[in-house]
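Trainee: coordinates only, sequence not included:
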């Protein structure tokens with residue numbers, strides 16, 4: 001079972017969060033039939049979104065990340081709730097895969113190095129916070145760190161990884177690590193943390209060695225006393241339902257609702273996040289229209 005953890009140093013100078021999202025990314029690949037480059041990209045964004053969602057804590061809060069570059073992958077979308085559960089999709093699931101000389105997937109090629117990262121936090125109050133920054137690499141982790149530094153002025157280190165089997169393309173491991181300096185950090189703290197970061201192995205390497213997410217946080221914060229703030233399971237969750245679709249349809253005009261009926265006499269809606277299909281007959285829609293008009 002995937003898990004996420006948040007830790008803080010006892011001096012209140014550094015916060016670290018780590019997620020093992022191997023099952024989440026495996027599920028995303030299976031649902032969307034993703035190519036290797038699409039898997040690596042969406043997987044990294046799902047890891048980051050899980051951590052950022054878990055940091056919100058308000059019960060009905062959510063975070064929505066959208067990466068839009070000029071590469072063949074198209075938009076990459078991930079949504080997380082305040083428990084760290086996530087869902088997502090990409091524009092082009094069949095995006096071709098290219099590799100760097102070291103054998104790693106060239107995510108930047110798929111995403112494109114020119115584009116934007118949009119972050120929307122919704123606290124359930126109807127007045128979401130929206131931040132936007134230009135992509136700095138298209139590799140996702142660097143773009144997340146740049147977002148925090150640029151948009152929120154929080155010095156941040158972000159490491160994200162998806163390990164894919166070279167033979168069959170299946171997801172073996174996926175995880176993420178986010179470290180932020182808090183207002184109590186001085187130069188001594190920064191120097192010590194920078195030394196740790198320089199020696200840190202990739203997240204998937206540490207997971208492959210059997211390290212727990214707490215072990216990873218402690219390794220990143222070596223030399224500091226670490227306190228666990230919270231730890232909980234996370235998973236790929238899509239909350240779509242026929243009822244939610246009906247509520248959405250009720251915001252449309254009668255003509256727009258009727259126009260959704262195809263040549264077979266039904267309207268078919270497919271969820272972007274889980275690929276579940278919902279079928280409405282012509283009679284279903286006429287009944288919905290009647291109910292909508294009766295309420296007005």
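Mentor: Arrived safely. Quick caveat, the model's predicted, so the values are computed rather than measured.
Trainee: CA only for contacts and neighbour counts going forward, please
Mentor: Will do.
Trainee: and the nearest residue in space to residue 99 that is not next to it in sequence, how close does it get to residue 161?
Mentor: Using Cα to Cα, 6 or more residues apart in numbering and skipping the chain neighbours, the partner closest in space to residue 99 is residue 105 (4.4 Å). From residue 105 across to residue 161, the span is 11 Å (Cα to Cα, to the nearest Å).
Trainee: now do the contacts for residue 268.
Mentor: For residue 268, the contacting residues are 260, 261, 277, 278, 279, 280, by Cα atoms under 8 Å, 6 or more residues apart in numbering.
Trainee: can we see that at 10 Å?
Mentor: 260, 261, 262, 277, 278, 279, 280, 281 (Cα atoms under 10 Å, 6 or more residues apart in numbering).
Trainee: helix, strand or coil for it?
Mentor: Taking DSSP: H, G, I helix; E, B strand; the rest coil as the rule, one finds residue 268 in the strand state.
Trainee: low pLDDT regions in this structure?
Mentor: Residues of the chain that meet the criterion pLDDT under 70 lie in 296.
Trainee: quick one: the helices in it?
Mentor: Applying DSSP state H to the chain gives helices spanning 22-32, 36-54, 107-111, 141-151, 187-199, 203-208, 213-220, 242-249, 254-258, 282-295.
Trainee: among the ones you listed, show me which one is buried the most.
Mentor: helix 36-54 (a mean of 29; mean count of other Cα atoms under 10 Å).
Trainee: now do it and helix 22-32, the angle between them.
Mentor: Angle of helix 36-54 versus helix 22-32, following axes from the mean of the first three to the mean of the last three Cα atoms, to 10 degrees, is 130 degrees.
Trainee: now helix 36-54 against helix 141-151, angle please.
Mentor: For helix 36-54 against helix 141-151, the angle by the same axes, to 10 degrees is 40 degrees.
Trainee: from residue 91, how far off is the residue nearest to residue 99?
Mentor: 18 Å.
Trainee: of all the helices of the chain, which one is nearest residue 271?
Mentor: For residue 271, the closest of the helices of the chain is helix 242-249, at 9.7 Å, according to Cα to Cα.
Trainee: what's that closest one packed up against?
Mentor: strand 277-281, helix 282-295 (3 or more Cα pairs under 10 Å, 6 or more residues apart in numbering; DSSP states H and E).
Trainee: select the longest strand from this structure.
Mentor: strand 171-181 (DSSP state E).
Trainee: please identify the buried residues of it?
Mentor: Of all the residues in strand 171-181, those buried under the rule 16 or more other Cα atoms under 10 Å are 171, 173, 174, 175, 176, 177, 178, 179, 180, 181.
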